[in-house]
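1. could you look at this predicted model? Sequence included:
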Amino acid sequence: MATITQTEVKVYLKTKSDNTLVGTITLNGEQANVFAGLSTLGSNLNPGSKYYAEARCTNDNNYASEWSNLFPFTTLINGIINSLTVESDIISVDDFELEYDSDDITPTSIYLMYSEYATGRDAIELNYRDETAINGAKIQVGQNKTYYFNWKVVDSEERTSQGAWDNAYQIFVPYLKPTITVEEVTSKLNSVSTTYRLTSADVLSVKEVGLRLAGSQTMLYVFDMENLADGSLQSVTFSTGQPDREGNAVTIAPNTTYEFVYEATNSAGTTIVTRSVTTPAQSGVVITSVTDITTNSAVVNLEYSGIE
C-alpha cells in the first residue's frame, strides 16, 4: 500500500484564480488538520471574509492526486476598541470599529462588554444595533476603579466572535471632587439658615459651612457638616447666642447681607460654593393709609417689618 508523503492545501480569497491565491501550505505526510494562518501562509486571513480551500496529496510513488473539492468558509468578524475617554464618572466610546467584508458577512448583534475584573468576571453586556450606535456611547460607572472593555459580535451565520479579555481595553476612573448642591437659604431677624446636599465617593478631609459678611473674605463663624456625603438633605442654622465650632458666640445682625460658604475636600480636590442671604430690618410698623373714613370712625392700615 502506498504511503502519503506530502499534503498540500491551497487557500483562495473569494474565488479560485491566480490573483486570489493567498498561499499554498505544504506539509509532510498525512495531515488530519491543517492550520491556515500566519505561520503557514505567511499572512493572516482577513476578518469577516469568504475563502475557499482545496487539497491534494502525493504518495511515495510520487503520484499526486487531483485537487479536491473547493470548500468555502468565512472568517469571523473582528472588533477593535481603539479609544475610550473618561470625564467625571462617564466613560465615552470614541473609536470602535468592526473588521469584515459586507459582501461576505454582516453583524446581526454587537455587544460592548465591561467588567471591573481583568478576567471579565460579572461583565455587563450592552447591545447596540451597529457601530454607529456604539461610537459616542456614554456609560456611567463608579469612581476610583479600573474597568476592562471588550466586544462580542453575532454574525449573519449565527456565529459568535469575541475579543480576548487579556487584550481588553483598560481605563481607570478616578475619584471626583465633592459636589455641593444648595437647596435653600432663609433668614430671620437674628438667624440665617440653609439646606444643602453633599456627595462624595471618597473620604472627606474637610466638610464645613462658614458664614461671613458679603464682600468680606474673613470668616465669622464655622460649623461642621454632618457626617453624610450620600446626597441626603442637610441643614445648618446660625443663630444669635449660639456657639460655633470654635466656641465663638454667633451674632446675627438685622438688615445685613451675609454669605454662606460651603466647602468640602477629598483626594480629588476641593469644592467651594457660596450663597448670599439678607436678614430683615428691625421690627417696626408704619401706617400706610387710612381708609373707610366716616363721621365717627376710620380704618388705619398698618404694615410690619422684621417680624420673625
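-> Perfect, thanks for sending it.
2. run through the chain and note the low-pLDDT ranges.
-> For the chain, applying pLDDT under 70 flags the ranges 305-308.
3. most centrally placed residue in it?
-> When C-alpha atoms, centre = their mean is applied to the chain, the residue found nearest the centroid is residue 90 (2.4 Å).
4. mind checking how far that residue is from residue 12?
-> The gap separating residue 90 from residue 12 is 47 Å, by C-beta to C-beta, to the nearest Å. Quick note: C-beta positions are derived from backbone N, CA and C, even for glycine.
5. what's the answer for residue 173, then?
-> With C-beta to C-beta as the criterion, residue 173 and residue 12 are 47 Å apart.
6. ditto for residue 150
-> Counting by C-beta to C-beta, the gap from residue 150 to residue 12 is 32 Å.
7. could you pull out the strands in the stretch 101-250 of the chain for me?
-> 107-115, 124-128, 138-140, 145-155, 160-162, 169-173, 179-188, 191-199, 206-213, 221-224, 230-239 (DSSP state E, counting those that start in this stretch).
8. please identify which of the ones you listed is closest to residue 289.
-> strand 179-188 (27.7 Å; C-beta to C-beta).
9. I'd like to know which elements the closest one is packed against.
-> strand 191-199, strand 257-266, strand 269-278 (3 or more C-beta pairs under 8 Å, 6 or more residues apart in numbering; DSSP states H and E).
10. make CSV from those strands and add mean neighbour count and distance to residue 122 to it.
-> What follows is these, written out as CSV (neighbours: other C-beta atoms under 10 Å; distance: least, C-beta to C-beta, whole Å):
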stretch, mean neighbour count, distance to residue 122
strand 191-199, 18, 25
strand 257-266, 20, 27
strand 269-278, 14, 31
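11. tabulate those strands in TSV, adding columns for distance to residue 34.
-> Putting the helices and strands packed on strand 179-188 into TSV (distance: least, C-beta to C-beta, whole Å) gives the following:
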stretch	distance to residue 34
strand 191-199	61
strand 257-266	60
strand 269-278	60
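12. between the strands of the stretch 101-250 of the chain, which one is nearest to residue 294?
-> strand 179-188 (39.3 Å).
13. list the neighbouring strands of that closest one plus their orientation.
-> strand 191-199 (antiparallel) (DSSP bridges).
14. centre of the chain versus the strand it pairs with, how much separation?
-> 29 Å (C-alpha atoms, centre = their mean, to the nearest Å).
15. using PDB, list the CA coordinates for that strand.
-> Taking Å, rounded to 0.1, in the frame of the first residue of the first chain, the C-alpha atoms of strand 191-199 are listed here in PDB:
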ATOM      1  CA  SER A 191     -30.700  83.900  62.400                       C
ATOM      2  CA  VAL A 192     -29.800  82.600  59.000                       C
ATOM      3  CA  SER A 193     -30.400  79.000  57.800                       C
ATOM      4  CA  THR A 194     -29.600  76.800  54.800                       C
ATOM      5  CA  THR A 195     -30.300  73.400  53.500                       C
ATOM      6  CA  TYR A 196     -27.900  71.600  51.100                       C
ATOM      7  CA  ARG A 197     -26.800  68.200  49.800                       C
ATOM      8  CA  LEU A 198     -23.200  66.900  49.900                       C
ATOM      9  CA  THR A 199     -22.000  64.000  47.700                       C
END
